[in-house]
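*Asks:* Predicted model, plus sequence, below.
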Amino acid sequence: MELLPAIEIEWPKGVGVNASIIWLHGLGADGNDFASVVPQLELPENFGIRFIFPHAPSIPVSINNGYVMPAWYDIKQADVDRHVDVEQLMQSAARVHALIEREIARGVDSRRIIVAGFSQGGAVAYEAALTYPRPLAGIMALSTYFATAGSIKIDPIQNTIPILICHGALDQVVQESLGLKSLATLQNLGFVPEYNSYQMEHSLCLQEIVEIASWITRTLS
């Protein structure tokens, strides 16, 4: 499988990589979307993290009148239930698996790999991480929803994976009800996610960045 093109940032430089975070952008964006967040996290100086920000392929998106844009999968209806192209979503998850495999080949233990995603990217992150057959460090789900909750085949090795969910209470693109629904679904499946809500729209805020940094530090320490 051809690897997704991606922006890579090692933080801090010169320490040596011992962990990886694969961070997926949202609909219509690209890997540059969250690259600027890395220095804002102010992670410990002894951490050696390779941040990988892949670029989604450009495909027609139904809810945008078939306009071609970067997307992890097609969204067919913009209703609260989010009718998505599950096959395309699963293909994107497989491409994330390929990125994970490359990190392992580069010498990073799978238990030190976090899969993160914002909005559409978060839906792929859920599918990719929960179906991966080796233990992972965690899932970071930002302003997103669990699109494949009804069909996912969770690998039992992920049953205790740490999960961070962050959502904006003022989000009109992916309403917080979807984030809360994801939380409830995961709890019913036996997971113990951490959930944070913020007075923001479909974006990141400073308080969220601080709490993401804290979670990453705890998860990789």
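*Replies:* Good, I have the coordinates.
*Asks:* All the helices of the chain, residue numbers only.
*Replies:* Ranges of helices in the chain, per DSSP state H, are 37-40, 86-105, 120-130, 176-188, 206-220.
*Asks:* pLDDT averaged over stretch 136-146 - what is it?
*Replies:* For stretch 136-146, mean pLDDT is 98.
*Asks:* if we can go back for a sec, and Ile21, which of the helices of the chain is closest to it?
*Replies:* helix 206-220 (7.3 Å; C-beta to C-beta). To be clear about C-beta, it is placed using only N, CA and C from the backbone, and glycine gets the same treatment.
*Asks:* Could you list the buried residues of that closest one?
*Replies:* 208, 211-213, 215-216, 219-220 (16 or more other C-beta atoms under 10 Å).
*Asks:* Please name every helix or strand in contact with it.
*Replies:* strand 113-118, strand 138-142, strand 163-168, strand 194-198 (3 or more C-beta pairs under 8 Å, 6 or more residues apart in numbering; DSSP states H and E).
*Asks:* want to try TSV for those strands, with mean neighbour count and distance to Ala19 as columns?
*Replies:* Below are the helices and strands packed on helix 206-220 laid out as TSV (neighbours: other C-beta atoms under 10 Å; distance: least, C-beta to C-beta, whole Å):
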stretch	mean neighbour count	distance to Ala19
strand 113-118	27	7
strand 138-142	26	11
strand 163-168	24	15
strand 194-198	17	19
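*Asks:* now for those strands, which one comes closest to Val68?
*Replies:* Nearest of the helices and strands packed on helix 206-220 to Val68, taken as C-beta to C-beta: strand 113-118 at 20.6 Å.
*Asks:* Using CSV, please lay out the helices and strands packed on helix 206-220 together with distance to Ser36.
*Replies:* Below are the helices and strands packed on helix 206-220 laid out as CSV (distance: least, C-beta to C-beta, whole Å):
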stretch, distance to Ser36
strand 113-118, 13
strand 138-142, 15
strand 163-168, 17
strand 194-198, 19
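*Asks:* Out of those strands, which is closest to Ala184?
*Replies:* strand 194-198 (10.0 Å).
*Asks:* got any ranges where this protein has weak pLDDT?
*Replies:* 79-82 (pLDDT under 70).
*Asks:* can we see that at 80?
*Replies:* 78-82 (pLDDT under 80).
*Asks:* Now do the contacts for Tyr195.
*Replies:* For Tyr195, the contacting residues are 165-167, 179-180, 183, by C-beta atoms under 8 Å, 6 or more residues apart in numbering.
*Asks:* Cool, thanks, talk later.
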